[in-house]
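Novice: only geometry, no sequence info:
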């Protein structure tokens, strides 16, 4: 229960002996929480003349806003794109297990699928607040089917679509309902895409460019129509070329609407992007970088062979291969590992690495007043990290929802 | 001891913010025991009178801790203040506004021009007073405060007539004092050490 009239009587929690990420810096400050929200202790002191009801010593750890994963296809054997009778249980399982990775909110992602799948699955994934049961669902990310044939990657060719005569109506008919949808990835070079982008943007849905062969001009036009995100930069798009930088050129484009900049997802697992490429993107446009896992159902499964749907997958540490081959089978790197790898590969500050996994995705989705921040009034979703950025505990609405083994009493 | 008039309580330069960030948030004081003048009260004089009353009700001030301005003011008792003044509204002197400008982005128009402040008389009623003076820019004010007479143009000089006041200074703050004065007070440390020495050796002996 957050806010509301009962909040003033709710317990005041004071997290002490910690450094908190606020205003882009790690400050030696206490974090105060009441009614599931971050509280202003100065206001509490001078106006209400109250002290904390409970103090919790954080052992010198870092408190950062909970991580937000806007692209995750499943995990722990669950595949969000599979139309089962009980999609909800699968989402709930993943939501609970990613708490240990420091993720407090996420967008379950569906890859290119036939309309029947969307019609069956989407209504079963409502937007939901997080809690002890698991990370919050911010809405679904629909990656496809309106994408490029050439850049489909692992998406099934048979189910790719383009916009026919009625453009947006086609999209609506394909997906069934947009009620639970938060992000749509599409290829802007598809005919009529601009009306679709405008319609989606008008509905408050974030449009992302990806799995596309668009040149920079087409990409810039898409941004002017409302697109705000790039799906896994570098992957499934034309490579950077010095005379036509393609979608990658959006990072430094001067043709974007004034005051707006592009956000871009990066899979910083050490495999999908060469660290040098990661550094080039980061240095070109650090404010737009959003860490995503793009994790597949094999995430979180132990080493060895696993059967996932029609696929046989071999997991070896942080790599998943198509069984018996050296072909990568998607990412299985948890978000906190991505954060650590990103920090090490770019040499950026700890603050920047943490913001890439929290503040930036929140800004992308227009949620930065409540998520991805430890500012007063924001939801008390945060993660307790040691100096090497390993997750020691995860909190949602000020409630402890996960704790590392050694920390438990 | 004071607060700007018209500055929001949560403004980073208000004295509420200063006291919260530098003192209150680091200790376990009961918020009901922290009293700061409200510079946004509807009736400013009533706020000041209430403050005097609260001091009386708390049994008076045991220890007053403060600094001085470059113009020798104590709290916001600007040059010309009555030496028997009580808590009231004061207009800030230009010296003070200039000194404070650095906290308001160097923009003089942003610096508050009025403040509520305890009076000289209010502070003189405290049982013990400790004033901290550091830096060369305070040296002249320190000279006026202790080597010249009691004068309402340098209000901190009033403490020459207080029974228990200590001024704590650094080297730079003494730059305008007579060598004789500085040597005298520094020499006291030698006497002090000799006095406490037997105590220490007694403790080690045990």
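Specialist: That came through fine. As the structure is a prediction and not an experimental result, all values here were calculated from the model.

Novice: leaving aside the residues next to it on the chain, what's closest to whatever residue of the stretch 1-150 of chain A ends up closest to chain B?
Specialist: For the stretch 1-150 of chain A, the residue closest to chain B is residue A:49, as judged by C-beta to the nearest C-beta, at 3.9 Å. In this view, the C-beta of every residue, glycine as well, is placed from N, C-alpha and C. Nearest non-adjacent residue to residue A:49, counting by C-beta to C-beta, 6 or more residues apart in numbering or on different chains: residue B:31, 3.9 Å away.

Novice: what number of residues lie near the one you found?
Specialist: Other residues near residue B:31 come to 14 when the count uses other C-beta atoms under 10 Å in any protein chain shown.

Novice: what's the answer for residue B:168, then?
Specialist: Neighbour number of residue B:168 under other C-beta under 10 Å is 12.

Novice: so residue A:63 sits right up against residue A:33, yeah?
Specialist: No: in this structure, residue A:63 is not within contact of residue A:33 by C-beta atoms under 8 Å, at 10.4 Å.

Novice: Those two: which has the busier surroundings?
Specialist: Each of residue A:63 and residue A:33 had its neighbours counted (other C-beta under 10 Å), and the higher figure belongs to residue A:33 (25 against 22).

Novice: how close does the residue in the stretch 151-300 of chain A that chain B sits nearest to sit to residue A:35?
Specialist: Of all residues in the stretch 151-300 of chain A, the one sitting closest to chain B is residue A:259 (23.7 Å; C-beta to the nearest C-beta). To residue A:35, residue A:259 is 34 Å away according to C-beta to C-beta, to the nearest Å.

Novice: how near is the residue lying farthest from the centre of chain A to residue B:81?
Specialist: Relative to the C-alpha centroid of chain A, counting by C-alpha atoms, centre = their mean, residue A:49 is the outermost residue, at 39.1 Å. The gap separating residue A:49 from residue B:81 is 32 Å, by C-beta to C-beta.

Novice: Tell me which stretches of chain A form helices.
Specialist: With DSSP state H as the criterion, chain A has helices at A:41-43, A:87-97, A:115-121, A:168-175, A:193-202, A:216-225, A:275-284, A:335-346, A:350-357, A:359-364.

Novice: what ranges do the helices span in chain B?
Specialist: B:15-22, B:44-57, B:94-100, B:120-124, B:139-146, B:179-205.

Novice: worst average pLDDT in those?
Specialist: Ranked by mean pLDDT, those bottom out at helix B:179-205, with a mean of 80.

Novice: what residues does chain B put near chain A?
Specialist: Residues of chain B that fall close to chain A, judged by C-beta under 8 Å from any C-beta of the partner chain: B:9-10, B:16-17, B:20, B:24-25, B:28, B:30-32, B:34, B:36.

Novice: How much space separates residue B:16 from residue B:39?
Specialist: Taken as C-beta to C-beta, the span from residue B:16 to residue B:39 is 9 Å.

Novice: Residues that sit against both of the two, list them.
Specialist: By C-beta atoms under 8 Å, 6 or more residues apart in numbering or on different chains, residue B:16 and residue B:39 have these common neighbours: B:3, B:9.

Novice: can you tell me how far the residue of chain B at minimum distance from chain A sits from residue A:231?
Specialist: Ranked by C-beta to the nearest C-beta, the top residue of chain B for proximity to chain A is residue B:31, at 3.9 Å. Shown here: residue B:31 relative to residue A:231, a distance of 50 Å by C-beta to C-beta.

Novice: Verify the contact between residue A:231 and residue A:185 for me.
Specialist: Yes: the pair residue A:231 / residue A:185 is scored as a contact, 4.5 Å apart, by C-beta under 8 Å.

Novice: quick one: common contacting residues for these two?
Specialist: The contact sets of residue A:231 and residue A:185 overlap at A:143, A:208, A:209, A:210, A:211 (C-beta under 8 Å, 6+ apart).

Novice: Tell me who's in contact with the last one.
Specialist: For residue A:211, the contact set (C-beta under 8 Å, 6+ apart) comprises A:143-144, A:147-148, A:151-153, A:155, A:185, A:187, A:231, A:236-237.

Novice: ok, 7 Å please
Specialist: A:144, A:147, A:148, A:151, A:152, A:153, A:155, A:185, A:187, A:231, A:236 (C-beta atoms under 7 Å, 6 or more residues apart in numbering or on different chains).

Novice: how many other residues sit next to the second one?
Specialist: Residue A:147: 28 surrounding residues under other C-beta under 10 Å.

Novice: Leaving out the residues flanking it, which one is nearest to it?
Specialist: Nearest residue to residue A:147 in three dimensions, chain neighbours excluded: residue A:211, at 3.7 Å (C-beta to C-beta, 6+ apart).

Novice: So, low pLDDT: which residues of the stretch 301-409 of chain A?
Specialist: Counting by pLDDT under 70, the stretch 301-409 of chain A contains low-confidence ranges at A:309-310, A:407-409.

Novice: residue of it with the smallest distance to chain B?
Specialist: residue A:376 (9.9 Å).

Novice: Once you drop chain neighbours, what's closest to that residue?
Specialist: Nearest to residue A:376 is residue A:40, by C-beta to C-beta, 6+ apart, at 4.2 Å.

Novice: Need the distance between the two termini of stretch A:135-152.
Specialist: Taking C-alpha to C-alpha, to the nearest Å, stretch A:135-152 runs 29 Å from one end to the other.

Novice: Could you give me the buried positions within it?
Specialist: Neighbour-count burial for stretch A:135-152 flags A:135-148, A:151-152 (criterion: 16 or more other C-beta atoms under 10 Å in any protein chain shown).

Novice: swap in stretch A:202-218?
Specialist: By neighbour count with 16+ other C-beta under 10 Å, stretch A:202-218 contains the buried residues A:205-216, A:218.

Novice: and the spatially most central residue of chain B, what does it touch?
Specialist: Nearest residue to the geometric centre of chain B (C-alpha atoms, centre = their mean): residue B:66, 2.4 Å. Counting by C-beta under 7 Å, 6+ apart, residue B:66 touches B:1, B:74, B:75, B:131.

Novice: quick one: which of those residues is most hemmed in?
Specialist: residue B:74 (28 neighbours).

Novice: quick one: buried residues of stretch A:292-302?
Specialist: Neighbour-count burial for stretch A:292-302 flags A:292, A:293, A:294, A:295, A:296, A:297, A:298, A:299, A:300, A:301 (criterion: 16+ other C-beta under 10 Å).

Novice: What are the neighbouring residues in contact with the first one?
Specialist: When you say that, I think you mean residue A:292. Contacts for residue A:292 (C-beta under 7 Å, 6+ apart) come out as A:69, A:70, A:71, A:232, A:265, A:266, A:267.

Novice: Check the second one and give its pLDDT.
Specialist: What that stands for is residue A:70. Value listed for residue A:70 in the pLDDT field: 98.

Novice: How about it: what's its closest non-neighbour residue?
Specialist: residue A:107 (4.6 Å).

Novice: related to what we said a few turns ago, relative to residue A:29, how far out is the residue of the stretch 301-409 of chain A closest to chain B?
Specialist: The spacing between residue A:376 and residue A:29, counted by C-beta to C-beta, is 12 Å.

Novice: And residue A:164, by the same measure?
Specialist: According to C-beta to C-beta, residue A:164 stands 56 Å off from residue A:29.

Novice: do residue B:148 as well
Specialist: Here residue B:148 is placed at a distance of 45 Å from residue A:29 (C-beta to C-beta).

Novice: Among these two, which residue is more densely surrounded?
Specialist: Neighbours were counted for residue B:148 and for residue A:29 using other C-beta under 10 Å; residue A:29 has more, 17 against 13.

Novice: Please list all residues in contact with that one.
Specialist: Going by C-beta under 7 Å, 6+ apart, the list of residues near residue A:29 reads A:20, A:22.

Novice: got it, and residue A:332?
Specialist: So residue A:332 contacts A:295, A:296, A:298, A:299, A:315, A:318, A:320 (C-beta under 7 Å, 6+ apart).

Novice: Quick check on it: phi, psi?
Specialist: phi -130, psi 30 (degrees, to the nearest 10).

Novice: can you tell me how far the closest residue to residue A:229 other than its chain neighbours sits from residue A:348?
Specialist: Ranked by C-beta to C-beta, 6+ apart and with sequence neighbours excluded, the top spatial neighbour of residue A:229 is residue A:208, at 3.7 Å. Distance, residue A:208 to residue A:348, by C-beta to C-beta: 23 Å.

Novice: Kind regards, and thank you for your time.
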